[in-house]
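[1] only geometry, no sequence info:
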């Protein structure tokens, strides 16, 4: 018999079904991120009840550009408490530093970048330890999380989380944090693990285990297009997926085009619907997706509404349109046949030898 659904976490009621992802506001995804209409993206999203944004210092200019746009909004119309700011710590463009001092410096800098204008309440809603699988020594991750808890006690952070790609590592770290600190992780951000190519967050049981075994309150499904893998265009040299997997996705995109749709449109609809089916235990089916232009945001909202019924505003409920999802799943089954052996393939994160290359040794943290 399935375990009963956990009681709603306080964060779940604050987050909308779709969160604006700031990971695309960097040079990996856009050659000139400073030219992106960030303020228009924010006001459009907020007008649709999508009042949360996710970013990171690792995303280059993302924090600064989002912060400038947020601080340009009229406070009478957009008071600080009306939207949710999510960011991360521990990873910078220059590398990783999970020391407690570095976590505190990072949060302080993010506060200045994202809420720095006079009159703004000086807090961040959610801070994740970014890509925690890259830290070899789990005790270093625990200590970094303890620093987030200290910042939470000071009122600078409201909710504390961890993020990353390999689900077994996320579960291991979340369980360890709870055991060592006596506090469950509020929220976990898993990316590229609940999509048309890789559905391990659901099918592998890892999401439910994070809730049941580690007491995680909310799971955020990030990058439903697999970091552009399912976008219909080549993702770029940064992407860790093997060339053969990228080629299989290109063939899947051609199949979708022949059937009168696009791979990203199909993939977004599937991700929204599949994740919404698990809303009773995953914290309300919250998805993070990055967009560069208002038209992309509107397309994502259309995809969300096509397979779910939702209430606009933070914490709105979500219900699946099963008839529409059945049509989506029929096409997804064909796409997965094209993917063949690459369906449910998981790439290494970090890649083999990375710890040695970065100066991390068994039983120790990074050389900081």
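    Here it is on my side, so go on. As the structure is a prediction and not an experimental result, all values here were calculated from the model.
[2] Wait, residue 222 touches residue 187, no?
    No: counting by Cβ atoms under 8 Å, residue 222 does not reach residue 187; the two are 11.3 Å apart. Placement of C-beta: from N, CA and C, glycine included.
[3] Can you pull out the low-pLDDT segments for the stretch 51-200 of the chain?
    Per-residue confidence of the stretch 51-200 of the chain (counting by pLDDT under 70) places the weak regions at 117-121.
[4] Ok, the stretch 251-368 of the chain next?
    For the stretch 251-368 of the chain, the stretches flagged by pLDDT under 70 are 311-317, 361-368.
[5] quick one, strands of the protein?
    In the chain, the segments counted as strands under DSSP state E are 18-21, 52-54, 84-89, 91-92, 95-96, 124-129, 157-164, 187-191, 218-222, 286-290, 308-310, 318-320.
[6] Determine which of those approaches residue 137 most closely.
    strand 95-96 (11.7 Å; Cβ to Cβ).
[7] strands paired with the closest one, and their directions?
    Using DSSP bridges, strand 95-96 pairs in its sheet with strand 91-92 (antiparallel).
[8] before we move on, the earlier item: would you mind giving the strands of the chain as JSON lines with mean neighbour count added?
    As requested, the strands of the chain are arranged in JSON lines below (neighbours: other Cβ atoms under 10 Å):
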{"stretch": "strand 18-21", "mean neighbour count": "26"}
{"stretch": "strand 52-54", "mean neighbour count": "26"}
{"stretch": "strand 84-89", "mean neighbour count": "26"}
{"stretch": "strand 91-92", "mean neighbour count": "20"}
{"stretch": "strand 95-96", "mean neighbour count": "17"}
{"stretch": "strand 124-129", "mean neighbour count": "25"}
{"stretch": "strand 157-164", "mean neighbour count": "24"}
{"stretch": "strand 187-191", "mean neighbour count": "25"}
{"stretch": "strand 218-222", "mean neighbour count": "26"}
{"stretch": "strand 286-290", "mean neighbour count": "25"}
{"stretch": "strand 308-310", "mean neighbour count": "18"}
{"stretch": "strand 318-320", "mean neighbour count": "18"}
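[9] possible to save these as a markdown table with distance to residue 268?
    Supplementary listing: those in a markdown table, determined by distance: least, Cβ to Cβ, whole Å:
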| stretch | distance to residue 268 |
| --- | --- |
| strand 18-21 | 10 |
| strand 52-54 | 17 |
| strand 84-89 | 20 |
| strand 91-92 | 26 |
| strand 95-96 | 31 |
| strand 124-129 | 23 |
| strand 157-164 | 21 |
| strand 187-191 | 15 |
| strand 218-222 | 11 |
| strand 286-290 | 7 |
| strand 308-310 | 11 |
| strand 318-320 | 14 |
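[10] who's in contact with the closest residue to residue 15 other than its chain neighbours?
    When the adjacent residues along the chain are set aside, residue 15 lies closest to residue 286, with 4.9 Å between them (Cβ to Cβ, 6 or more residues apart in numbering). Residue 286 makes contacts with 12, 15-19, 218-221, as judged by Cβ atoms under 8 Å, 6 or more residues apart in numbering.
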